[in-house]
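> Okay, here's the prediction I keep looking at, along with the sequence it came from:
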Amino acid sequence: MKRSMKLALTFTLSIILIALIFYFYIDNKLNSGYFYEGVHVDGIELSDYSKEEAVKLLEGKKQKEIESQKMTILSERNNEFEYILPLKDLGYDYNYEKAVDEAHNVGREGSFIDRLKFINNLKKNPVNIELMYYYDPNLIDKHIDEISKMLYEEPKNASLKFDGENFHITDEVIGYEVNKVKLKSMIESNIGQLDDIYVPYEKLEPEITKKLYNKVNGLLAHFSTSFKSSASGRINNIVLSANSFKGKIVLPGEVVSYNETTGPRSSKNGYEDAPVIVNGELTPGIGGGVCQTSTTLYNTLLLADLEILERHPHSIPPAYVPKGTDAAVAGIYYDLVFKNNFDFPIYIDTKIIDKTVHFYIYGDAANRNYEIKIGTELIETIPYKTVEKLNDNLEPGTRNLLQEGRNGYKVATYKYKIVNGKVIEKTKISSDYYKEKDYIYEVGPEKEDPQEVEITD
């Protein structure tokens, strides 16, 4: 009896011990802090590694790979161009912690029995967790900006030159710039392959082409005025301001300001003293004579049928053009502004011949079937008045001129469009009033009549 009980107790204890050993084995197997056998990250076996050790292991292996990984960027437009882009320069790296956490969770979900079965099956069916890479898109942009600067090809406009008789035109040059958006997409999609890639380009069309300049084929208008009686300062100013327009090309739709083109009329810019009109009086000043240049240009613009946006008459009608066809300019106050309202460029040339300033405007004369003429109509002549101001301090009978007078005029100016010698259109382009000015005299008191004296012997 005692022997049987002893055997039973021994058996029971053995069973309990075996159960405890099995339990601790299974518990250690299931709840170990290490990875289960058969679990890989990026093909690397991690069994018997802790999470911290696994991260260091992966970093050590992958950092060497990253150092050697790069892509080559080439250009079909430039065979000598080769841009090496290392992945490390893009902030390229892997999310080691995330992959390690995911690998460590393998076999740690589900019931006790399910986990045990899954873990035992890992030897036959191992699990591999892929490392996920990342990079900094902003660093890609920096490299693309650098590539763009290296490969930028500036477009060049066609050029137009005039030798006084013929026009000479050079071809335009198409430019190219890197398509940054497309190149970035190509780089990002190539990070996993690291193939050679070719830079995508966008064409840059020049603004001005030879085809456009070919429309400048003849003279549209010419006008001239004489300055033979002018002093040296005035002559200098006329020549200087006229040269500001020599060779000027005005594109379709472009607006031109006389004042901006000539620049500030100052001694620093070469202008000299010459009489200018201020408040209806000729007064010494810098830049006198430039109004003759603006007037000559104005008449040429009218004959060329260009659009006038701003024009002002003088207060005194100048002698070098008919009344109503002058154009005054003065500092920032008065300007002559015009627009090229045609679909072709115009070319302006100027010449000074025998103290005469000439303006020429060239354009698509081959396709113009009309001519322009300018006419003026004197609407009214307003006679000056004579005003006398008494000055008792003067000697009786004295008469001194204080202000010279002149007649005033009201003038209408018309533009006539003529086809085959017939006027098909008449347009009023301005109504000008040149204000009259009184003659003013100061006079002394009237002389007293001699008194009659009776003489007697």
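Sure thing, it's come through. Numbers count the residues shown, from 1 in each chain.

> C-alpha only now, for contacts and for neighbours.
Fine.

> Low-confidence bits of the chain, can you list those?
1-33, 112, 274-287, 448-457 (pLDDT under 70).

> Domain parsing of it, as residue ranges.
The record's domain split for the chain, according to automatic domain parsing, is 1-31, 216-368, 370-457.

> Compute the first-to-last residue distance for the longest one.
Distance across domain 216-368, first residue to last, is 12 Å (CA to CA, to the nearest Å).

> Stretch 198-214 now?
Stretch 198-214: ends 37 Å apart by CA to CA.

> which parts of it are buried?
For stretch 198-214, the neighbour count (16 or more other CA atoms under 10 Å) marks 199-201, 205, 208-210, 213-214 as buried.

> Same check on stretch 437-449?
437-444.

> Please export the C-alpha coordinates of that stretch as CSV.
In CSV, the C-alpha atoms belonging to stretch 437-449 read as follows (Å, rounded to 0.1, in the frame of the first residue of the first chain):
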residue,chain,number,x,y,z
LYS,A,437,-1.8,137.7,-76.3
ASP,A,438,-2.4,141.4,-75.7
TYR,A,439,0.0,144.2,-76.5
ILE,A,440,0.5,146.1,-73.2
TYR,A,441,1.9,149.6,-73.0
GLU,A,442,2.4,151.9,-70.0
VAL,A,443,1.7,155.5,-70.8
GLY,A,444,2.4,158.8,-69.0
PRO,A,445,-0.3,161.5,-68.5
GLU,A,446,-1.5,163.4,-71.5
LYS,A,447,0.4,166.5,-72.4
GLU,A,448,-1.3,169.8,-71.5
ASP,A,449,-2.3,172.0,-74.4
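
> Show me the contact partners of stretch 404-421.
302, 323-325, 369-386, 423-440 (CA atoms under 8 Å, 6 or more residues apart in numbering).

> switch the cut-off to 6 Å
324, 370-384, 423-439 (CA atoms under 6 Å, 6 or more residues apart in numbering).

> what would the domains of the chain look like in CSV with distance to residue 189?
Formatted as CSV, the domains of the chain follow (distance: least, CA to CA, whole Å):
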stretch, distance to residue 189
domain 1-31, 41
domain 216-368, 45
domain 370-457, 63
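
> so which of those comes closest to residue 108?
For residue 108, the closest of the domains of the chain is domain 1-31, at 7.3 Å, according to CA to CA.

> out of the contacts of stretch 404-421, which are inside strands?
Among the contacts of stretch 404-421, the members falling in strands are 371-382, 423-434, 439 (criterion: DSSP state E).

> picking up where we left off before, among the domains of the chain, which is the most enclosed?
Highest mean neighbour count of the domains of the chain: domain 216-368, a mean of 18 (counted as mean count of other CA atoms under 10 Å).

> Return the distance of that domain from the chain's centre.
Distance of domain 216-368 from the chain centroid (CA atoms, centre = their mean, to the nearest Å) equals 28 Å.

> quick revisit: out of the buried residues of stretch 198-214, which is nearest to residue 103?
residue 199 (39.7 Å).

> List the residues that contact the residue nearest to residue 216 when sequence neighbours are not counted.
Closest residue to residue 216 apart from its sequence neighbours, by CA to CA, 6 or more residues apart in numbering: residue 363 at 4.2 Å. Counting by CA under 6 Å, 6+ apart, residue 363 makes contact with 216-218, 346.

> Helices of the stretch 1-150 of the chain, start to end?
2-31, 51-68, 96-104, 112-121, 137-151 (DSSP state H, counting those that start in this stretch).

> Where does residue 165 fall, secondary structure wise?
Using DSSP states H and E, residue 165 is not contained in any helix or strand.

> so how many other residues sit close to it?
By other CA atoms under 10 Å, 6 other residues sit near residue 165.

> Repeat that for the one 3 residues further on.
Residues lying near residue 168 (other CA under 10 Å) number 12.

> so it touches residue 161, yeah?
Yes. Shown here, residue 168 and residue 161 form a contact pair, counting by CA atoms under 6 Å, at 5.2 Å.

> ok, and what's touching stretch 393-403?
439-447.

> Take those residues and keep only those in strands.
Per DSSP E, the contacts of stretch 393-403 map to strands at 439-443.

> In a markdown table, list these along with distance to residue 237.
Listed next are those as a markdown table, based on distance: CA to CA, whole Å:
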| residue | distance to residue 237 |
| --- | --- |
| 439 | 32 |
| 440 | 33 |
| 441 | 36 |
| 442 | 38 |
| 443 | 41 |
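
> Quickly check those residues for the two that are furthest apart.
Maximum distance among the ones in strands among the contacts of stretch 393-403 (CA to CA): 12.8 Å, for 439 and 443.

> about what we covered before: distance to residue 78 added to the buried residues of stretch 437-449, as JSON lines?
Output for the buried residues of stretch 437-449, formatted as JSON lines (distance: CA to CA, whole Å):
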{"residue": "437", "distance to residue 78": "75"}
{"residue": "438", "distance to residue 78": "78"}
{"residue": "439", "distance to residue 78": "80"}
{"residue": "440", "distance to residue 78": "82"}
{"residue": "441", "distance to residue 78": "85"}
{"residue": "442", "distance to residue 78": "87"}
{"residue": "443", "distance to residue 78": "91"}
{"residue": "444", "distance to residue 78": "94"}
